[in-house]
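S.K.: structure for this input, please:
(chains A and B)
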Amino acid sequence: KAGVTQTPRYLIKTRGQQVTLSCSPISGHRSVSWYQQTPGQGLQFLFEYFSETQRNKGNFPGRFSGRQFSNSRSEMNVSTLELGDSALYLCASSLGLGTSYGYTFGSGTRLTVV
Amino acid sequence: EDKVVQSPLSLVVHEGDTVTLNCSYEVTNFRSLLWYKQEKKAPTFLFMLTSSGIEKKSGRLSSILDKKELFSILNITATQTGDSAIYLCAISEGGNEKLTFGTGTRLTIIP
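M.R.: Sure, this is the predicted structure:
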């Protein structure tokens, strides 16, 4: 079966701009979670969506937002980009049963803010 | 605040050596501990541990959890160059899909 697909793979943006990243989960998976990975902080949880509703949110500023569509695809938006937003953004999909078992990660979007 | 600490931060060994990676944690509502391997971008699942003292094995990899002392170890025997990767430990809390990750151990295997 197809894995988790993230687009685009790479992005270069300028400070102050906004960006939208996309994640298509495995077919049948209803939960999509987003993580930010940086060398200093490791993987940090951004938010999780299930059936178009945000179920959980990490400690990130309001510039980071997301949404989920009825087909379970999810988008993440970052507004007013800062240099510190440069990171690998990973999404993970699962059935959403609250067990974290069966989490499958995508290959990520590498965002560089200049 | 929930916390996951991995050690060492990096490790360089020769092919054939055995390595032990450590993960300690502090969480309020522990459900399970998971290990992932990250070679390039997408972390891949290795183990999920929920009960103390029960070893999980997959080939040359094994892992065990101690819920009393709040730590887990991941052992890799007879290491190969393909084991070079970042190994991530994560904690799952009750009732939600969120994972709290450690910063990882970067393992390098020298031929």
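
S.K.: give me the nearest residue to the residue nearest in space to the middle of chain A, chain neighbours excluded.
M.R.: Taking Cα atoms, centre = their mean, the centroid of chain A lies closest to A:Trp34, which sits 3.2 Å from it. Counting by Cβ to Cβ, 6 or more residues apart in numbering or on different chains, A:Trp34 lies nearest to A:Leu46, which is 4.1 Å off, once chain neighbours are set aside. The C-beta positions use only the backbone N, C-alpha and C, and glycine is treated the same way.

S.K.: which residues touch that neighbour?
M.R.: A:Ser33, A:Trp34, A:Tyr35, A:Gln36, A:Lys57, A:Gly58, A:Phe60, A:Phe64, A:Gly66, A:Met76, A:Tyr89 (Cβ atoms under 8 Å, 6 or more residues apart in numbering or on different chains).

S.K.: what do you get for A:Tyr35?
M.R.: A:Leu43, A:Gln44, A:Phe45, A:Leu46, A:Tyr89, A:Leu90, A:Cys91, A:Ala92, B:Leu99, B:Phe101.

S.K.: that one and B:Val5: what is the separation?
M.R.: Distance from A:Tyr35 to B:Val5, counting by Cβ to Cβ, to the nearest Å: 18 Å.

S.K.: same question, A:Ser51
M.R.: 34 Å.

S.K.: tally of neighbours for A:Tyr103?
M.R.: 23 (other Cβ atoms under 10 Å in any protein chain shown).
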